[in-house]
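Colleague: next input, structure requested:
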Amino acid sequence: MNSSCRWVLVKRFAEVTGYSENAVRHKVKNGIWVQGRIWRKAPDGRVFVNLVEFERWVESERYPTSH
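Modeller: Here you go, the predicted structure:
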């Protein structure tokens, strides 16, 4: 995934990766993805996903769910 934008909104993330928006929100809500690393909330409350960290998560055998 070669993108010039590291942080993208959930809708764009879903378009690029094929994950549904609901699947992304599930991973965020259940702590499967680390807040601040794979996802974060912008000051306006919208959720962004980090494409670089997502790729690392996909390529890992096990990804920690907390720092």
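Colleague: dihedrals phi and psi, the residue nearest in space to the middle of the chain?
Modeller: Among the residues of the chain, Val49 comes closest to the average C-alpha position under C-alpha atoms, centre = their mean, at 3.4 Å. The phi and psi values for Val49, taken as degrees, to the nearest 10, are phi -120, psi 140.
Colleague: repeat that for Gln35.
Modeller: Torsion angles, degrees, to the nearest 10, at Gln35: phi -70, psi 140.
Colleague: picking that back up, leaving aside the residues adjacent along the chain, what's closest to the residue nearest to the centre of the chain?
Modeller: Nearest in space to Val49, with sequence neighbours left out and distances taken as C-beta to C-beta, 6 or more residues apart in numbering, is Phe13 at 4.3 Å. Heads up, the C-betas are built off the backbone N, CA and C, glycines and all.
Colleague: list the contacts of that neighbour.
Modeller: 19, 24, 49, 51, 54 (C-beta atoms under 8 Å, 6 or more residues apart in numbering).
Colleague: would you say it is within a strand?
Modeller: No. The assignment for Phe13, made by DSSP: H, G, I helix; E, B strand; the rest coil, is helix rather than a strand.
Colleague: quick one: it from Glu53, how far?
Modeller: 12 Å (C-beta to C-beta, to the nearest Å).
Colleague: re the thing from before, which residues does the residue nearest to the centre of the chain form a beta bridge with?
Modeller: Beta-bridge pairing of Val49 under DSSP bridges involves Val8, Trp39.
Colleague: hey, where'd the strands end up in the protein?
Modeller: Here the chain has its strands, by DSSP state E, at 7-9, 39-41, 47-50.
Colleague: could you dump those strands to a markdown table with mean pLDDT and distance to Val58?
Modeller: Output for the strands of the chain, formatted as a markdown table (pLDDT from 0 to 100; distance: least, C-beta to C-beta, whole Å):
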| stretch | mean pLDDT | distance to Val58 |
| --- | --- | --- |
| strand 7-9 | 98 | 15 |
| strand 39-41 | 98 | 14 |
| strand 47-50 | 98 | 12 |
